[in-house]
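Asker: A predicted structure for the sequence below; I have some questions about it.
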Amino acid sequence: MPPTISYHRHAALPSLGIYSISGYQWSVGTATDTGPKAVRTDAEEASPVGPVWWATNVVGNLTEWASGMFSSRQVQYPEQQTNPGASDSEVNAPMTFGQPFVGTDSGPKLIREHGLLKNLSSLGWRVEDHPDLDFATICSRADAEKSTRDPNAKHSQLVGAGTKVLADLVEDKLSTGRFPLILGGDHSIGIGSLSGILRARPETGVIWVDAHADLNTPSSSESGNMHGMPLALLMAELVPDRRVIPGFEWMEEGIKPFLSPDSLVYVGLRDVDKMERQYIKELGIKAFTMYDIDHLGIGRVMEMALSHLLDRAPDRPLHISYDIDAVDPMYAPATGTAVRGGLTWREAHFVAEHVVRSGNLASAEIVEVNESLSPGSETVELGHQLVTAMLGEAIL
Ligand SMILES: NC(=[NH2+])NCCC[C@H](N)C(=O)O
């Protein structure tokens, strides 16, 4: 069993990295959804990278658990993420090169402005600065070099270039004992974070909290938006050779990251495309839809979700990928593909709180917060609360 890490015990404590990836704005505009949204013009669509296109940041806050100053709450984390010598903690500060619309790129910044770093320190995470990754240059280069455009996987060269860097970063940080917290950005960043996670720890189990299945392949997708595809790109059964997608050749080099269908659990599904439904059934992916949550309650659903991932491998690390659109638009209206009938405020928190209690959480991600799509700051506020819950905040 993993060691118990108590907030008030002096022990070797794990580290945290926050990587904010923003600027994956391209997949927001044309998705099927409800509510207002920023849509790119045709000209921008044709030439997405410009002085105000990429607003991509990597905010990496590598922190380590402080000790000796907290309440009696206990959180368990897997042994392999402890980093006894973690004095070299680091932070990447966000940098924004801009884009045509205020959008998902601002999510990380806004969540940080809500006091994330302060909250994390009061939870016991120590945060230090880390140099920025220069995603804008990387993606501009990818844009300049691209020879092919795939209408079925829009802006794949750019998503590919950005997610490659993210994958390397996440793999590196996990391998050196950090806990990566990835702030999106849209859900296409899952390609990068999961690739890095699976290269470092192939046995990882994934909890995908989302209104959508994000299991489209370029050929099954009706929108061509890559935020609807991350899980398909990780499954050998669906996209066995990622070189067919321009920009994703890197996924077939070295350690090829693949996610086994039985290492994934969905929570909160309610807007599933035709082919996605078929894939879920054919591959036997465990899925807890909103129907199941209504029927069984969120408590039972989360117990079943964790037992699916952990019964056979109690010590395996878990990754939670939390799309804010899993939450009902009544509480989280500011997102690109909002769908009614989602998680309540408390259900949303419970998901995060319960996963932490497993003691296996080794990385976490929040995506699709786009404050420009709705007046007010309630979505950011909720996003911030969910992040702190995933990092150990509890009611008592
Ligand atoms: N992460 C998300 N918000 N995904 C939305 C996906 C919507 C739709 N299924 C598509 O593939 O375009």
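Answerer: Here it is on my side, so go on.
Asker: Return the residues of the stretch 201-350 of the chain in contact with the ligand.
Answerer: Near the ligand, the residues belonging to the stretch 201-350 of the chain are 212, 214, 216, 221, 223, 225, 227-228, 273, 323, 325, 337 when assessed by CB under 6 Å from any ligand atom. Using the backbone N, CA and C atoms, a C-beta is placed for each residue, glycine as well.
Asker: Redo these as a markdown table? Include secondary structure.
Answerer: Output for those, formatted as a markdown table (DSSP: H, G, I helix; E, B strand; the rest coil):
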| residue | secondary structure |
| --- | --- |
| 212 | strand |
| 214 | coil |
| 216 | coil |
| 221 | coil |
| 223 | coil |
| 225 | coil |
| 227 | helix |
| 228 | helix |
| 273 | coil |
| 323 | strand |
| 325 | helix |
| 337 | coil |
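Asker: For the nearest residue to residue 323 once chain neighbours are set aside, give me its contacts.
Answerer: Excluding its sequence neighbours, the residue lying closest to residue 323 (CB to CB, 6 or more residues apart in numbering) is residue 210, at 4.0 Å. By CB atoms under 8 Å, 6 or more residues apart in numbering, the residues touching residue 210 are 187, 266-269, 321, 323, 325-326.
Asker: hmm, try it at 10 Å
Answerer: 187, 190, 231, 266-271, 321-326, 337, 339, 342, 367-368 (CB atoms under 10 Å, 6 or more residues apart in numbering).
Asker: rewinding a little: which one among the residues of the stretch 201-350 of the chain next to the ligand gets closest to residue 159?
Answerer: Nearest to residue 159 out of those is residue 227 (CB to CB; 8.7 Å).
Asker: isn't the closest one right next to residue 336, touching?
Answerer: Yes: at 7.9 Å, residue 227 counts as touching residue 336 under the criterion of CB atoms under 10 Å.
Asker: out of those two, which sits in the more crowded spot?
Answerer: Shown here are residue 227 and residue 336; by other CB atoms under 10 Å, residue 227 has more neighbours (30 against 27).
Asker: Where does the stretch 201-350 of the chain get nearest to the ligand, residue-wise?
Answerer: Of all residues in the stretch 201-350 of the chain, residue 228 sits closest to the ligand, at 2.2 Å by CB to the nearest ligand atom.
Asker: For the closest residue to that residue other than its chain neighbours, give me phi and psi.
Answerer: Distance criterion CB to CB, 6+ apart; nearest residue to residue 228, sequence neighbours excluded, is residue 216 at 4.7 Å. Reported as degrees, to the nearest 10, the phi and psi values for residue 216 are phi -80, psi 150.
Asker: wouldn't residue 216 be in contact with residue 187 here?
Answerer: No: between residue 216 and residue 187 there is no contact under CB under 10 Å: 11.4 Å.
Asker: Can you show me the strands along the stretch 251-396 of the chain?
Answerer: Under the criterion DSSP state E, counting those that start in this stretch, the stretch 251-396 of the chain contains strands at 264-269, 286-289, 318-323, 361-367.
Asker: Among the ones you listed, show the one with the smallest mean pLDDT.
Answerer: Ranked by mean pLDDT, those end with strand 361-367 at the bottom, a mean of 92.
Asker: Return the angle between stretch directions for it and strand 318-323.
Answerer: If you take axes from the mean of the first three to the mean of the last three CA atoms, to 10 degrees, strand 361-367 sits at 10 degrees to strand 318-323.
Asker: export strand 361-367 as CSV, just CAs?
Answerer: Presented in CSV, the C-alpha positions along strand 361-367 are these (Å, rounded to 0.1, in the frame of the first residue of the first chain):
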residue,chain,number,x,y,z
LEU,A,361,-3.8,10.4,-7.3
ALA,A,362,-0.6,11.2,-9.0
SER,A,363,-1.6,13.9,-11.5
ALA,A,364,-4.6,16.1,-12.3
GLU,A,365,-5.8,18.3,-15.1
ILE,A,366,-8.6,20.9,-15.5
VAL,A,367,-9.7,22.1,-18.9
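Asker: List the neighbouring strands of that strand plus their orientation.
Answerer: Sheet pairing of strand 361-367 (DSSP bridges) gives strand 180-184 (parallel), strand 318-323 (parallel).
Asker: Check whether the shortest one comes close enough to the ligand to count as a contact.
Answerer: What it means is strand 180-184. No: Strand 180-184 lies out of reach of the ligand by CB under 6 Å from any ligand atom, never closer than 9.2 Å.
Asker: thinking again about what came up before, and the residue nearest to residue 228, how many neighbours does it have?
Answerer: Residue 216 is flanked by 28 other residues according to other CB under 10 Å.
Asker: quick one: contacts for it?
Answerer: With contact set as CB under 10 Å, 6+ apart, residue 216 has these partners: 152-153, 222-233, 238, 273, 275-276, 279.
Asker: For residue 245, give me its contacts.
Answerer: Residues in contact with residue 245 (CB under 10 Å, 6+ apart) are 148, 150, 152-153, 156-157, 159-160, 191, 217-218, 226, 229, 233, 239, 251.
Asker: Flag the least confident of these.
Answerer: Minimum pLDDT across the contacts of residue 245 falls on residue 148, with 60.
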